[in-house]
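S.K.: Just a sequence and a predicted model for now, questions to come.
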Amino acid sequence: NYHRLSLDFDGVLTHYYHPKSTGDQKWSTLWSLPDNICLAILEDVGSGVCGFNNVCNLGENQRPYCECPKGYSLIDPNSKYGSCKPKFVPSCDEFGQGNPEELYDFDVVTDVDWPLSDFERIYPSAEEECKKACLEDCFCAVTFIEAIVVGRRNFHCQMGE
């Protein structure tokens, strides 16, 4: 058998093999490290596989693919692993012109983390308290709710632009 060890573009170390006896041109994966690169990024070394504000997902082939959250688009449409920017301009123009619960909504995105953010932290906090605090701040564009287990469930709420 032929073996090849490769550090791929996404930071995954992959051990490939190819049997000598087959005419097939395809290399197979024996193992890769880490198993899920989306969950393995250290929090203090940049944005990870996907750019800033871009959500990393693992595909069927165990390779990452990135998606901008709803309301965001790629800064460079040709760079699918790049950073995302909001499609809206943060503004307080609508503030006070109606019920915030009717003007805005919350979309849930799971398995994301912004550990070194400069967002305001409110804790302990329930999900509804976090949403209410965001709706009362005209520059709040996102909230993060992090469940921390320490004998009981406790919530941290982070808000930011």
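M.R.: Here it is on my side, so go on. Numbers count the residues shown, from 1 in each chain.

S.K.: Show me what counts as buried in stretch 10-17.
M.R.: Residues of stretch 10-17 classed as buried by neighbour count (16 or more other Cβ atoms under 10 Å): 10, 12, 14, 16. (Each C-beta comes from the backbone N, C-alpha and C, glycine too.)

S.K.: got those as CSV, with pLDDT and distance to Ala133 columns?
M.R.: Shown next, in CSV, are the buried residues of stretch 10-17 (pLDDT from 0 to 100; distance: Cβ to Cβ, whole Å):
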residue, pLDDT, distance to Ala133
Asp10, 84, 36
Val12, 89, 38
Thr14, 93, 44
Tyr16, 93, 49
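
S.K.: What separation do you get for Leu103 and Leu135?
M.R.: With distances taken as Cβ to Cβ, to the nearest Å, Leu103 is found 9 Å from Leu135.

S.K.: So between these two, which is more surrounded?
M.R.: A side-by-side neighbour count of Leu103 and Leu135, using other Cβ atoms under 10 Å, places Leu135 first with 16 against 11.

S.K.: Quick check: closest non-adjacent residue to the spatially most central residue of the chain.
M.R.: Centroid check for the chain by Cα atoms, centre = their mean gives Val55 as the closest residue, at 3.2 Å. Of all residues not flanking Val55 in the chain, Glu67 sits nearest, at 5.2 Å (Cβ to Cβ, 6 or more residues apart in numbering).

S.K.: and the one you found, how many residues sit next to it?
M.R.: 15.

S.K.: Who are the contact partners of it?
M.R.: 54-55, 57 (Cβ atoms under 8 Å, 6 or more residues apart in numbering).

S.K.: Domain map for the chain?
M.R.: The chain breaks down into these structural domains: 2-86, 100-160 (assignment by automatic domain parsing).

S.K.: rank those by pLDDT, which is bottom?
M.R.: Note on the domains of the chain: lowest mean pLDDT is at domain 100-160, with a mean of 67.

S.K.: May I have the residues that are in contact with the residue located most distally from the centre of the chain?
M.R.: Largest separation from the mean C-alpha position in the chain: Ser21, at 42.4 Å (Cα atoms, centre = their mean). Listed by Cβ under 8 Å, 6+ apart, Ser21 has no contact partners.
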